[in-house]
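Turn this into a model:
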Amino acid sequence: MINLKPLATLISVSAFSLVLAACSGDDTNRASSAADQAVESAKEAMNQAQEAATEAAAEAEATAKDAWDSTSSTAQDAWDKASGAAEDAWNNASDATKEAWDNTSDAAKDLADDAQDAAEDAADATEDAAKDLKKAAEDAAK
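Presented below is the predicted three-dimensional model:
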């Protein structure tokens, strides 16, 4: 922020100096000298105003750069978070799909094992029934 207080004080003092010079009386040299001094004071005030404006422009530029950097950093952070969330979602979906596949595969293997066991049990039962039927037929034939 530009501090205009010293500039206002300088302009006030210069104006007061001009008034005193004008009211001081009949010495034209003194009036001329006061006018020259007022011109110099005005030039100095203008130079100080120009320096203050340059300083204010530099501060505004720095503030704008800081704001841009902050916005850029915030955008990068948001992108990083969104990318991380997307990657996490992809990994979770991939893990869930793999787990579902593994569960399906395990269930299919268990079902095949159960079917094989049932077929073996049925074959054993059929063999036992055939043996029992053969024995019953032999016993009946005696």
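
chain center to whichever helix or strand Ala53 is part of, what's the gap?
Per DSSP states H and E, Ala53 falls inside helix 28-141. Chain-centre distance of helix 28-141: 12 Å, with CA atoms, centre = their mean, to the nearest Å.

Also stretch 134-142?
Using CA atoms, centre = their mean, the offset of stretch 134-142 from its chain centre is 90 Å.

what's the model's confidence in that stretch, averaged?
Mean pLDDT, computed over stretch 134-142, is 82.

With stretch 85-97 instead?
Stretch 85-97 shows a mean pLDDT of 94.

Quick one: list the elements packing against the helix holding Ala53.
helix 5-23 (3 or more CB pairs under 8 Å, 6 or more residues apart in numbering; DSSP states H and E). C-beta: built from backbone N, CA, C; applies to glycine.

any weak-confidence spans in this protein?
For the chain, the stretches with pLDDT under 70 are 1-4, 7-8, 10, 18-32.

which residue sits farthest out from the middle of it?
Going by CA atoms, centre = their mean, the residue of the chain most distant from its centre is Lys142, 96.7 Å out.

show me the contacts for Ala118.
Applying CB atoms under 8 Å, 6 or more residues apart in numbering, we find Ala118 in contact with no residue.

measure it to Thr104 for me?
Note on Ala118: its distance to Thr104, by CB to CB, to the nearest Å, is 21 Å.

The residue farthest from the centre of the chain and Lys134: what is the separation?
Note on Lys142: its distance to Lys134, by CB to CB, is 13 Å.
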